[in-house]
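Peer 1: Only the shape, not the letters, is given here:
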C-alpha cells in the first residue's frame, strides 16, 4: 500500500515534539505510534508492539546496542582503575589552555579514524576530564566528537565506512562500467568531492583554534561556563551523578594498554563488538592480579557501566523503531519518486545530497538508507547523464550530514554519551555549524555539477 505524503507525518511530528519538549525518547516513541496509526488505523496497538519487537530483534540493531552498552562497561572499568587519571596527568601538561584541549580532542579524532563509534567514545573518555579542567563546555567537546567521528571515517579510505560504501557502489553496473582498477581506486576519486565531510573538518579545526565565532546555543554554553564554572547544564546533571576520579595515583598503563588493544583489535577483527569484548577480558587480566580492583568489582562494573548507557540505548531503540516504520511506509521510495521529475545532469548531485540528507535525518539509519537508495540513485543518475563520481560523493556527504544533524542518530547520541550531556543539548548547539557546512556543500555540488561532465 502506498501512503504518499502521509509518510512524512510521523517524522514531522517527531521533530516538532522534540523541539517543543526537548525529549528524544518520548518523541520517537510517539512518532512510531503515529506511523502505526497511519498504517493500521484504530487497530494500531498490536502492530506497534510487533514493530518494536522486530526492530529490537534485528541483528544489526542488537549489535549497536551491545557495542554501546559494553563501551559503558569499559568506561566504568577505566574509571575505577584510575587509568584515566594517569592519562589526565600527562594530558594536562600538554593541554594547558582551552585551545590546546580542543586541539587535542581534534587531533585524537583524526588519528582514531578506524570507526566512528570507536572514535567518539574513545576520544570522549580521554579528553572529557581534561576539557573539564580547562573549562571547555561539554557542548563544545560533543561538537568536536561528532564532527571528527563520521567525517573522518568518510574521507579516510581505510575505515569501516569506506569498506561499507565500496561494497555498495561496486555492486552497481554503472560503476563497474567505469573500469576502476579496484574499489579503493574508485573511492579515492570521490574523496575530493565529499564536500560536507571536508568542510566540517575545516570548520571544527577553526572552532578549536577559536577562529570562528560561537553562535546560538553554543554561545550560551560558553557564557554559562564562564559565569558559573560548570561545564555542563542542569539538564545534563543526571549523566554526571558519579564523582570523577580526583586522585593522582593513576597509572597511564591502565589506560593506554586497554585503549591500544581496543584499536588494534578493531582493525584486526573488523568488528568493534568483538574488540570491546576482548578488551573487557583484558582489563580483568590487567587489573585484578595487580590489585587495581577485585574480581567482584570487575563483575559489578560490567553491569553498572552497561546500565549507565541506558538513556543512550533507549533513544537508539526508539530510533530503530521509527526507522522500521519509515521503511514499512516506503519513505525512501516516496521521496525519490517525488524529486525525480526535477532532476537534470547538472543538478542531480545536489538533489541527491538533499534527498539522502533528509532520509538519513528522518530515519537515523545511515547505512540502512544507503543500502536502500543506492540501487535506485546510481542507475537513475546514469540514465540522466549525471557525473557518477559526484553522485557517489553526494551520497556520502548526505549520509554524513543526515547523521550529523539528526538529534536521535547514533552519531549524535554517542557523541553526547562521550561528552556526558543530553543529546538534545548537543543537537541544538551543533546544528548551526552543521547547517553552515551543508550550505557550503550545496554550493560546491551545484558548481561542480555544472562544471564537470557526466
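Peer 2: Received, thanks. What you see is a predicted model; the values in this text were computed from it and never measured.

Peer 1: contacts and neighbour counts: CA atoms only from here.
Peer 2: Will do.

Peer 1: Let's see the pLDDT reported for residue 108.
Peer 2: Per-residue confidence at residue 108 stands at 87 (pLDDT).

Peer 1: Help me confirm that it comes into contact with residue 122.
Peer 2: No - taking contacts as Cα atoms under 8 Å, residue 108 lies outside contact range of residue 122: 9.0 Å.

Peer 1: for the helix or strand containing residue 437, the distance to its chain's centre please.
Peer 2: Taking DSSP states H and E as the criterion, the element that holds residue 437 is helix 423-451. Mean-position distance between helix 423-451 and its chain equals 16 Å (Cα atoms, centre = their mean, to the nearest Å).

Peer 1: helices and strands around it, which ones?
Peer 2: In terms of contacts (3 or more Cα pairs under 8 Å, 6 or more residues apart in numbering; DSSP states H and E), helix 423-451 is packed against helix 138-147, helix 195-209, helix 216-228, helix 348-363, helix 388-405, helix 410-419.

Peer 1: for the record, mean pLDDT for the last one?
Peer 2: Okay, so that is helix 410-419. Across helix 410-419, pLDDT averages out at 90.

Peer 1: Would you mind giving the orientation angle of it with respect to helix 423-451?
Peer 2: Angle of helix 410-419 versus helix 423-451, following axes from the mean of the first three to the mean of the last three Cα atoms, to 10 degrees, is 140 degrees.

Peer 1: Quick check: residue 65 vs residue 209, distance?
Peer 2: According to Cα to Cα, to the nearest Å, residue 65 stands 35 Å off from residue 209.

Peer 1: Comparing these two, which residue is more hemmed in?
Peer 2: With neighbours defined as other Cα atoms under 10 Å, residue 65 and residue 209 compare such that residue 65 has more, 21 against 14.

Peer 1: So which bits of the helix holding residue 437 are buried?
Peer 2: Of the residues in helix 423-451, those with enough neighbours to count as buried (16 or more other Cα atoms under 10 Å) are 423-434, 437-438, 441-442, 444-446, 448-449.

Peer 1: what's the following helix or strand after the helix or strand harbouring residue 325?
Peer 2: With elements taken from DSSP H and E, the one containing residue 325 is helix 310-328. Counting by DSSP H and E, the next helix or strand C-terminal to helix 310-328 is helix 331-339.

Peer 1: list the helices and strands that following helix packs on?
Peer 2: Helix 331-339 makes packing contacts with helix 348-363, helix 366-384 when contacts are defined by 3+ Cα pairs under 8 Å, 6+ apart.

Peer 1: Can you tell me the SS state at residue 135?
Peer 2: Using DSSP: H, G, I helix; E, B strand; the rest coil, the secondary structure recorded for residue 135 is coil.

Peer 1: That one touches residue 225, doesn't it?
Peer 2: Yes - at 6.7 Å, residue 135 counts as touching residue 225 under the criterion of Cα under 8 Å.

Peer 1: shared neighbours, these two?
Peer 2: Jointly contacting residue 135 and residue 225 under the rule Cα atoms under 8 Å, 6 or more residues apart in numbering are residue 231.

Peer 1: residues in contact with the closest residue to residue 218 other than its chain neighbours?
Peer 2: Setting aside the residues directly before and after it, residue 218 is nearest to residue 429 in space (Cα to Cα, 6 or more residues apart in numbering), at 4.8 Å. Contact criterion Cα under 8 Å, 6+ apart gives 139, 143, 216, 217, 218 as the residues in contact with residue 429.

Peer 1: What of residue 261?
Peer 2: Shown here is residue 261, whose contacts under the criterion Cα under 8 Å, 6+ apart are 275, 279.

Peer 1: tell me the SS of it?
Peer 2: Using three-state DSSP, the secondary structure recorded for residue 261 is helix.

Peer 1: Check the gap between it and residue 36 for me.
Peer 2: Taken as Cα to Cα, the spacing of residue 261 relative to residue 36 amounts to 44 Å.

Peer 1: again with residue 405
Peer 2: Here residue 405 is placed at a distance of 25 Å from residue 36 (Cα to Cα).

Peer 1: now residue 272
Peer 2: The span separating residue 272 from residue 36 equals 34 Å under the rule Cα to Cα.

Peer 1: Tell me which of the two has more neighbours.
Peer 2: Between residue 272 and residue 36, counting by other Cα under 10 Å, residue 36 is the more crowded of the two (26 against 23).
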